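In: I'd like to go over a predicted model; first the sequence, then the structure.
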Amino acid sequence: MNIESLVRTIPDFPKKGISYKDITPLLQDYKVMEYCVKKFAEQIDSPIDKVVGIESRGFFFATLLAKELKAGFVPIRKSGKLPYNTLKEPYDLEYGQDELEIHEDAILKGEKVLIHDDVLATGGTAKAACNLVERLEGEIIQCNFLIELTFLEGKNQLEGKEILSLIKY
């Protein structure tokens, strides 16, 4: 299945010079979503206790993967969006910093964790998510992404982590 053909490139969005990868056409076909979930799940060779999804587009497949793997789902969100006690982790943006949060009781010591997001770009967001999981003493089994923008070398931020991307640009 050629899932790459269902990713739309939007030039100059959200700002000039950015080529945004729009996954909404891919999400509109349940057979394609099912295919992607199966491709991700095939690459997991140990039980998973929790699937972590990174706000917001990472939630789409993370929840489906959690169901497929019979695991719990844990959201990692931007600061101020989670209602309970949280751990915070700053990360760098192109112009400044932002912060991610996870509930302090979301992952138990030793739980096996899969981290999912839609795109691996510079790796800052994914690295912050890994730091949060590791601070809770979860064991990261894999970080997977629908799309990897290889020219931005985000993998370098995730040294030592197993990484899977279904589409690479």
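Out: Arrived safely, thanks for sending.

In: Spatially central residue for this protein, please.
Out: residue 117 (1.7 Å; C-alpha atoms, centre = their mean).

In: That residue against residue 128, yeah?
Out: No. In this structure, residue 117 is not within contact of residue 128 by C-beta atoms under 8 Å, at 10.8 Å. Where you see a C-beta, it was placed from the backbone N, CA and C, and this is true even at glycine.

In: quick one, what contacts the residue nearest to the centre of the chain?
Out: 53, 54, 57, 58, 125, 126, 129, 143, 145 (C-beta atoms under 8 Å, 6 or more residues apart in numbering).

In: and the second one, how far is that from residue 61?
Out: Noted for residue 54: a distance of 11 Å to residue 61, by C-beta to C-beta, to the nearest Å.

In: Run through who's touching the helix or strand encompassing residue 65.
Out: Residue 65 belongs to helix 58-69 when assigned by DSSP states H and E. Residues from elsewhere that reach helix 58-69 (C-beta under 8 Å, 6+ apart): 23, 27, 33, 36-38, 40-41, 44, 47-48, 50-54, 71-73, 75-76, 114, 116-118, 146.

In: for stretch 156-166, same thing?
Out: For stretch 156-166, using C-beta under 8 Å, 6+ apart, the contacting residues are 3, 36, 39-40, 43, 120, 122-124, 126-127, 130, 140-148, 155.
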